[in-house]
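*Asks:* structure of the sequence below:
(chains A and B, ligands or ions: 2)
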Amino acid sequence: MSSSASYTSGSAPATVAVMPATLKLDPETQQVCCEGNWTVYHLAPLDRRFRDLPLPDDIRWQLNTQAVHDMDTAGALLLFRILEHYRAHNKAVDSKRLPHAHRALLELIQRRFAEQQLADEQKPGILERLGKSSVKILFGAADFLSFIGEFTLDTLPRLLRPWQIRGRQIIAEIYKAGVSALPIVGLLAFLMGVVIAYQGGIPLEQYGANIFLVELVAITMLREMGPLLTAIIVAGRTGSAYAAQIGTMRITDEIDALRSLGVSQYEVLALPKLIGLIVALPLLSLFATAVGIFGGMLIADSLFGVDYQTFLRRMPESLANSHFWVGMIKTPIFACIIALTGCYYGFRVEGSAESVGRATTVSVVQGIFLVITADALFSIVFSMLDL
Amino acid sequence: MPINPHVLEALDIETRFGEQVVHRDLTLTVRRGETLAIVGSSGSGKTVLLRELILLAKPSRGRIRLFDTDVNALSEPELIRLRSRLGVMFQHGALFTSLTVRENIDFPLREHTALGPALRRDIALLKLELAGLPASAANKYPDELSGGMIKRAALARALALDPKLLFLDEPTSGLDPVGAADFDDLIMELKTLLDLTIVMVTHDPDSLWRIADRVAFLGEKKVLQVAPAAELARIDHPDIRAYFHGKRMQQAQERAWKPA
Ligand SMILES: Nc1ncnc2c1ncn2[C@@H]1O[C@H](COP(=O)(O)OP(=O)(O)O)[C@@H](O)[C@H]1O
Ligand SMILES: [Mg+2]
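*Replies:* Ligands and ions are numbered 1, 2, ... in the order given. I've put the predicted structure just below:
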């Protein structure tokens, strides 16, 4: 039947008008007649309607598939379902006199399918899902802590013997996380300085207090915006890269290969990233702060009549050194948070490519969340210390 | 109109990547209903040829006729339709990792037909069953399956739309000998059951001897010879001799000659 016919229908689908599968009841001959193309592409109309079609009126009816143009397993499966439907209504029809090819297909379905039992996928209820996700969050936090513990245990011995630390890798990480981020960090910090000076300058000007722009720009950039802005950019840029790299290595079993070669995955993959970022992030923050103050200075000079010399002279006079240190001291902590969340989500990747994508996203969201939370804690502590 | 006995014809194919010529004047035809194996040493261009045959890559020159249609003349939408009529099982399965096995099989059905969910589900289960997987595998994700099960799931997806022409890239690579022999049996069984034409790239000497009707040997940038394995083994060409007189090939030949 028609392997040839199906080839032609495959070859010129546009020119040959293909009849969809149809079903007719012929009361005269007491036959259920199948017609048209019983192949997977042409079953949809019949699949939608067959339950609404009239049933044969008693059980002596015959199934006739002489006029079927071509039948594949999907067509046979639909036929099987229709016969089951008749049987369920006590109107079973006789399918013994089918052409050989069709009977073979139908028997194939009956044989393989009759005993087929599939446990339906159960959709969990709302309570179950709520419970599951709460437990997941709790365990997630514990899991993160245990990761940090493992990581420390693994890498501490190495830290005590600094000559064993992988210098080249650390330098490569510093380059990737630090040097190559200079343009974007610089641009955004500059714009931030411009915006702060502009927005702050307008109300200050109304009181003739233009000169305080120096404090406004310098303190904001030094204490908060420089470190925070940098940390957020680095979390998005570098933390996600850590998660993606380590996650991909998980999927390709490279992590297992490392471990089986007797090498600690934390020590090879995570430690250089952590050290690299602890070096790179403070430097990057310093750069961002400087560029941001420069942006503010530009606006102060051009729009608010505070010229460069005044600005630069006033800065050391009116600002305590503590502003600088308060900003800088946060940056290694931010670096730890970003590197550890990125690596953590990377190491927790399981199985699929999608899981790498998820790990990447979550590492950025969590990284930024934790950085801002830490920043808030710092503010509280510093204000208690009157810094 | 006489029926063309060839389902697939690749005529005077030339493939080049920059300066490097991979195929030159390569001609290969596939007869309806046969199992054709493509062999050749590593780097002889088997994968590249397969990609051209399944319309994923275009040869630099030459014609490919598929189901009596000249592929060169087709527009991209027509190519997409034609591709959906080929079953392809990729070497590493290429299952979508974010979907369960059943959803993987369901995917082409949902894309290309308007069938209702119940029938689609049954079709997917049938294909699963045909590929020799237990129903319990239906709701598993690919990373929860063993290598052999992944191959079977990939085969089930390749069969989703009841293609008449099935391409297999190294179907038994990465399987243990028992699993590989089982898979060969499965392919032969499905071939008769579903009236398939099969084109496969393989390195497995056993598959060559047991299930291939003809073997196309790729060498010197073209198809050196197409013949049943037993004939090919006797041909006096240095490359072919070297290939067929390796130890593993000899052992496979002996195994194949044993009465079943
Ligand atoms: N996308 C590509 N770009 C450049 N060269 C390629 C590309 N794909 C394959 N090749 C080259 O074509 C040749 C044949 O490759 P392939 O078909 O993979 O061989 P095999 O027979 O082992 O499957 C190789 O030399 C390979 O380097
Ligand atoms: Mg290859």
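*Asks:* tell me the helix or strand right after the lowest-mean-pLDDT helix or strand in chain A.
*Replies:* In chain A, no helix or strand scores lower on mean pLDDT, DSSP states H and E than helix A:2-11, which sits at a mean of 36. The helix or strand immediately downstream of helix A:2-11 is strand A:22-26, counting by DSSP states H and E.
*Asks:* now that following strand: mean pLDDT?
*Replies:* For strand A:22-26, mean pLDDT rounds to 85.
*Asks:* how about residues contacting that strand?
*Replies:* A:31-36, A:46, A:50, A:53-54, A:56, A:82 (CB atoms under 8 Å, 6 or more residues apart in numbering or on different chains). No exception for glycine: its C-beta is placed from N, CA and C like everyone else's.
*Asks:* now the two most distant members of those residues.
*Replies:* By the measure CB to CB, A:Gly36 and A:Pro56 form the most distant pair in these, at 19.3 Å.
*Asks:* re the thing from before, tell me the buried residues within the contacts of strand A:22-26.
*Replies:* A:31-36, A:46, A:50, A:56, A:82 (16 or more other CB atoms under 10 Å in any protein chain shown).
*Asks:* of these, which belong to helices?
*Replies:* Secondary structure defined by DSSP state H assigns A:46, A:82 of the buried ones among the contacts of strand A:22-26 to helices.
*Asks:* so which of the buried ones among the contacts of strand A:22-26 also contact ligand 1?
*Replies:* By CB under 6 Å from any ligand atom, no member of the buried ones among the contacts of strand A:22-26 lies near ligand 1.
*Asks:* so A:Tyr345 makes contact with A:Ala243?
*Replies:* Yes. Judged on CB atoms under 8 Å, A:Tyr345 makes contact with A:Ala243 at a distance of 4.5 Å.
*Asks:* who touches both of these two?
*Replies:* If you check A:Tyr345 and A:Ala243 against CB under 8 Å, 6+ apart, the residues they both contact are A:359-360, A:362-363.
*Asks:* output those as TSV; include the columns distance to ligand 1, pLDDT and secondary structure.
*Replies:* What follows is the shared contacts of A:Tyr345 and A:Ala243, written out as TSV (distance: CB to the nearest ligand atom, whole Å; pLDDT from 0 to 100; DSSP: H, G, I helix; E, B strand; the rest coil):
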residue	distance to ligand 1	pLDDT	secondary structure
A:Ala359	30	93	helix
A:Thr360	27	95	helix
A:Val362	34	94	helix
A:Ser363	33	95	helix
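*Asks:* neighbour-wise, give me the winner out of those residues.
*Replies:* Highest neighbour count within those, by other CB atoms under 10 Å in any protein chain shown: A:Ser363, with 29 neighbours.
*Asks:* which ones are touching B:Ala211?
*Replies:* Careful, residue B:211 is Ile; it's not Ala. B:Ile211 sits in contact with B:35, B:37, B:184, B:187-188, where contact means CB under 8 Å, 6+ apart.
*Asks:* what's the closest of those to A:His323?
*Replies:* Looking across the contacts of B:Ile211 and measuring by CB to CB, the closest to A:His323 is B:Ile187, at 74.2 Å.
*Asks:* need the pLDDT of that closest one.
*Replies:* In this prediction B:Ile187 is given a pLDDT of 89.
*Asks:* and it, what element?
*Replies:* Counting by DSSP H and E, the element that carries B:Ile187 is helix B:177-194.
*Asks:* nothing else from me, thank you.
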